[in-house]
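Enquirer: Show me the folded form of this:
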Amino acid sequence: MDTPVYDFGMIGLGVMGRNLLLNMADHGFAVSGYDKDPAKASLLESAATPGTKVKGAASLAEFVAGLKTPRRVMMLVPAGPIVDAVTNELLPLLEKDDIIIDGGNSHFTDTQRRLNALQDKQVHFIGMGVSGGEKGARFGPSIMPGGDVSAWKALQPILEAVSAKVDGSPCVAYMGNGAAGHYVKMVHNGIEYATMQLISEVYDLLKRGCGFSNDALHEIFKQWNEGELRSYLIEITRDIFLQPDEFSKERLLDMIVDRAGSKGTGKWTAQDAMDLGIPVPTIDVAVSMRDLSFYAEERKQAAILYKHVVRPVTDKQFTKQVHDALYCSILLCYAQGIAQLQKASVDLKMDIPVADVIRIWRGGCIIRSSILDLILPLLKKDKTATHLLLHKKVAQQIRKRTPALRKVVRQAVASRIPASATLSALSYLESFSSEKLPVNLIQAQRDYFGAHTYQRTDREGTFHTNWQSAG
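Expert: Down below sits the predicted model:
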């Protein structure tokens with residue numbers, strides 16, 4: 001048998017898997033890939049930079065035999081049963097201290113189950129989030145590994161080399177115990193859902209409300225991306241407005257059906273936040289709006305039934321107000337996601353280094369944004385604050401823009417343009433910063449019909465009342 005020569009192996013040579021291997025090869029690592037589709041293995045080799053060491057294996061056995069020990073094997077295959085099937089195929093070919101990495105969007109509970117199952121087999125397992133899309137994989141993603149610390153240290157030189165860099169710092173770090181890597185990636189995707197929904201609502205307000213053309217919207221988003229709102233999602237939105245349609249004389253955006261797909265990670269974020277008792281209303285709404293978008297026929301009927309006609313926006317300062325409202329809403333969205341990470345870190349015993357999460361999100365990933373540069377030093381400096389909104393610098397930024405956020409919400413209502421995520425961000429802020437909430441009435445109702453008891457404001461203890469009917 002030939003001496004193993006490859007530093008890293010990839011199973012699943014779709015666009016992400018192939019590009020990540022090519023990225024590693026460009027950084028001097030010898031890499032091998034395997035896919036059940038032989039054409040993908042051939043494409044991997046033909047796409048390699050001349051002079052790099054890249055191999056597409058013909059079989060799983062050949063693939064494993066060519067890897068140096070301890071073997072580093074990454075899977076980029078669809079989440080779910082396929083991950084288990086590939087793992088089971090691999091195990092008979094692996095040896096003690098080899099490392100399996102799941103780089104897909106697996107649910108963190110599945111990752112924890114796999115970690116537990118492999119402990120007895122003396123094979124290391126890493127659940128690892130990867131963000132940045134196909135371009136990020138090729139030229140520098142944000143990478144979120146968690147779980148086995150010794151496995152992370154064995155992978156660290158490769159992952160640091162291929163990750164995105166911000167101010168010379170690699171956008172990869174150890175995310176914590178167990179399934180922390182996939183948990184962090186899940187919350188990343190939840191924030192991504194919410195931010196995309198917020199941007200789409202802003203687009204609707206400016207397009208249908210103000211009547212801006214695609215060219216004008218391109219210029220607005222171009223200016224925004226050169227200032228405080230600079231981010232990957234604003235950048236690509238800027239470009240989308242100018243994309244021509246190959247089948248008509250229209251812009252492509254105007255020809256795309258208003259139904260948004262999803263792969264489940266946003267829903268998982270919202271579900272687990274509820275399990276933890278952490279409110280993430282903007283993420284919740286973003287998931288719901290994607291679901292609602294599929295009721296296309298019902299929406300057409302309802303538009304006629306409810307005489308839904310958009311009323312124009314006449315305020316000449318509205319674009320500036322929308323800018324500030326969007327900034328404020330995105331910052332509030334980050335605050336919700338960070339609160340979820342902080343709670344999961346404790347309740348799920350993951351020990352997530354939240355400051356490191358924000359640091360590696362600043363480059364390579366889909367939610368990278370200049371707003372994270374505001375957040376990072378605050379989390380590094382003061383680790384005792386229980387919520388991002390309690391940092392004075394964050395409060396200053398939000399207070400400065402809250403009047404604009406309120407005006408935008410009022411205008412959206414007046415214009416009959418749905419802006420559920422924007423409204424949820426404002427409601428979250430108003431609720432979080434309200435010393436009193438009306439849930440004392442809810443607790444009274446619960447005690448009335450179910451004897452669930454309540455606490456009082458003037459004395460300690462738990463109380464129940466035999467409520468009298470007013471009738």
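
Enquirer: Give me the number of neighbouring residues for the nearest residue to Arg368 once chain neighbours are set aside.
Expert: Once flanking residues are discounted, Arg368 sits nearest to Tyr232: 5.0 Å by CB to CB, 6 or more residues apart in numbering. Using the backbone N, CA and C atoms, a C-beta is placed for each residue, glycine as well. Applying other CB atoms under 10 Å, we find 21 other residues in the vicinity of Tyr232.

Enquirer: for the stretch 1-150 of the chain, which spans come out with low pLDDT?
Expert: The stretch 1-150 of the chain contains residues with pLDDT under 70 at 1-2.

Enquirer: ok, Ala325 to Glu201 distance?
Expert: Distance, Ala325 to Glu201, by CB to CB, to the nearest Å: 10 Å.

Enquirer: what residues are shared contacts of those two?
Expert: Shared contacts of Ala325 and Glu201 (CB atoms under 8 Å, 6 or more residues apart in numbering): Thr422.

Enquirer: Which one's more surrounded, those two?
Expert: Counted by other CB under 10 Å, Ala325 and Glu201 do not tie: Ala325 has more neighbours, with 30 against 26.

Enquirer: Show me which residues of the strand or helix carrying that one are buried.
Expert: According to DSSP states H and E, Ala325 maps onto helix 318-347. For helix 318-347, the neighbour count (16 or more other CB atoms under 10 Å) marks 318-319, 321-345 as buried.

Enquirer: Now do it: which elements does it pack against?
Expert: Applying 3 or more CB pairs under 8 Å, 6 or more residues apart in numbering; DSSP states H and E, one finds that helix 318-347 contacts helix 180-204, helix 214-224, helix 265-276, helix 281-292, helix 354-360, helix 371-381, helix 392-415, helix 420-432.

Enquirer: Redo those helices as TSV? Include distance to Ala57 and mean pLDDT.
Expert: Shown next, in TSV, are the helices and strands packed on helix 318-347 (distance: least, CB to CB, whole Å; pLDDT from 0 to 100):
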stretch	distance to Ala57	mean pLDDT
helix 180-204	26	97
helix 214-224	44	98
helix 265-276	30	95
helix 281-292	38	96
helix 354-360	31	96
helix 371-381	39	94
helix 392-415	50	96
helix 420-432	45	98
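
Enquirer: just the ones you listed: most buried one?
Expert: Burial of these is given as mean neighbour count (mean count of other CB atoms under 10 Å); helix 180-204 ranks first at a mean of 27.

Enquirer: hang on, the earlier thing: could the helices and strands packed on helix 318-347 be laid out in TSV, adding distance to Thr109?
Expert: Output for the helices and strands packed on helix 318-347, formatted as TSV (distance: least, CB to CB, whole Å):
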stretch	distance to Thr109
helix 180-204	9
helix 214-224	38
helix 265-276	9
helix 281-292	18
helix 354-360	20
helix 371-381	27
helix 392-415	32
helix 420-432	27
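
Enquirer: Relative to Gly51, which of these is closest?
Expert: The minimum distance between Gly51 and the helices and strands packed on helix 318-347 falls on helix 354-360, with 29.9 Å, by CB to CB.

Enquirer: before we move on, back to that, could you measure the residue nearest to Arg368 against Asn225, distance?
Expert: Counting by CB to CB, the gap from Tyr232 to Asn225 is 9 Å.

Enquirer: again with Ile99
Expert: 39 Å.

Enquirer: Please list all residues in contact with the closest residue to His107 other than its chain neighbours.
Expert: Spatially, and ignoring its direct neighbours in sequence, His107 is nearest to Trp268 (5.9 Å; CB to CB, 6+ apart). Contacts of Trp268 were listed using CB under 8 Å, 6+ apart, and they are 107-108, 186, 190.

Enquirer: So the residue nearest to Arg368 sits against Ile366, correct?
Expert: Yes. When contacts are counted by CB atoms under 8 Å, Tyr232 is listed as touching Ile366 (6.0 Å).

Enquirer: For the residue nearest to Arg368, give me its contacts.
Expert: 365-369.

Enquirer: between these, which is closest to Gly168?
Expert: Arg368 (16.0 Å).

Enquirer: My guess is the closest one contacts Ile358. True?
Expert: No. Using CB under 8 Å, Arg368 is not in contact with Ile358, being 10.5 Å away.

Enquirer: What helices and strands are in contact with the strand ranked longest in the chain?
Expert: Criterion DSSP state E: the longest strand present in the chain is strand 124-131. If you count contacts as 3+ CB pairs under 8 Å, 6+ apart, strand 124-131 packs onto strand 99-102, helix 108-119, strand 142-147, helix 149-162, helix 180-204.

Enquirer: Contacts for stretch 295-312, please.
Expert: With CB under 8 Å, 6+ apart, stretch 295-312 has contacts from 208-211, 257-259, 292, 414-417.

Enquirer: cool, stretch 172-183 as well?
Expert: Against stretch 172-183 from outside (CB under 8 Å, 6+ apart): 102, 105-109, 111-112, 115, 126-129, 142-147, 149, 152, 156, 159-160, 163, 184, 341, 344-345, 348-353, 356-357, 359-360.

Enquirer: Leaving out the residues flanking it, which one is nearest to Gly56?
Expert: Ala41 is the one closest to Gly56 (CB to CB, 6+ apart), at 2.8 Å.

Enquirer: Much appreciated, bye for now.
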